[in-house]
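K.L.:
Need the 3D shape of this:
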Amino acid sequence: MPALINEGVVSEIVKEEAREQLKKYLAELRVWWDIKTFADRCCCGKGRDWIVKNILDPYRSEIDVKNGGWCRYQYGGRSSYQFLAKEACVWIEKHAHEIDWDS
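P.N.:
Numbering: from 1, shown residues only. Just a heads-up that it's a prediction; the model follows:
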């Protein structure tokens with residue numbers, strides 16, 4: 001009885017999908033986000049004021065890039081924050097239980 005599944009074809013499909021997923025992962029390793037993208041992807045769409053009050057101010061010493069963190073704060077009159085995408089996501093997942101999401 002002939003095989004119902006062509007293992008070579010399935011293997012190539014899986015390899016191609018793995019390559020694509022790795023490419024996407026590597027592309028975001030050092031991507032910088034603005035506060036809007038950070039809000040949408042990590043903070044359930046919370047607003048800028050909420051993010052500053054509940055994440056950026058209370059955790060500044062830990063997350064500031066000057067201290068090895070993932071947030072570049074407003075310096076010298078600059079009007080925007082910048083966030084290292086991957087590191088911000090990892091940190092949010094780790095600390096989600098500490099943040100008051102209902103405030």
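K.L.:
Provide a list of residues in contact with Asn67.
P.N.:
Going by CB atoms under 8 Å, 6 or more residues apart in numbering, Asn67 touches Ser61. (Glycine included, C-beta is placed from N, CA and C.)
K.L.:
measure it to Asp34 for me?
P.N.:
Distance, Asn67 to Asp34, by CB to CB, to the nearest Å: 21 Å.
K.L.:
try Trp70
P.N.:
When Trp70 is compared with Asp34 (using CB to CB), they lie 14 Å apart.
K.L.:
Next secondary structure element downstream of the helix of greatest length in the chain?
P.N.:
If you go by DSSP state H, the chain has its longest helix at helix 7-27. Heading C-terminal from helix 7-27, the first helix or strand you meet, by DSSP states H and E, is strand 32-33.
K.L.:
From the contact counts, what lies against that next one?
P.N.:
Judged by 3 or more CB pairs under 8 Å, 6 or more residues apart in numbering; DSSP states H and E, strand 32-33 is in contact with strand 82-84, helix 85-95.
K.L.:
so how many other residues sit close to Lys53?
P.N.:
For Lys53, the count of nearby residues is 14 (other CB atoms under 10 Å).
K.L.:
Confirm it sits in a helix?
P.N.:
Yes: assessed with DSSP: H, G, I helix; E, B strand; the rest coil, Lys53 lies in a helix.
K.L.:
Not counting sequence-adjacent ones, nearest residue to it?
P.N.:
Counting by CB to CB, 6 or more residues apart in numbering, Lys53 lies nearest to Ser103, which is 7.6 Å off, once chain neighbours are set aside.
K.L.:
Touching, the one you found and Trp50? I think so.
P.N.:
Yes: here Ser103 reaches Trp50: they are 7.2 Å apart, a contact under CB atoms under 8 Å.
K.L.:
just to revisit the earlier point, need the residues touching each of Trp70 and Asp34.
P.N.:
Phe83.
K.L.:
Among those two, which residue is more densely surrounded?
P.N.:
Each of Trp70 and Asp34 has its neighbours counted (other CB under 10 Å); Trp70 has more, 22 against 11.
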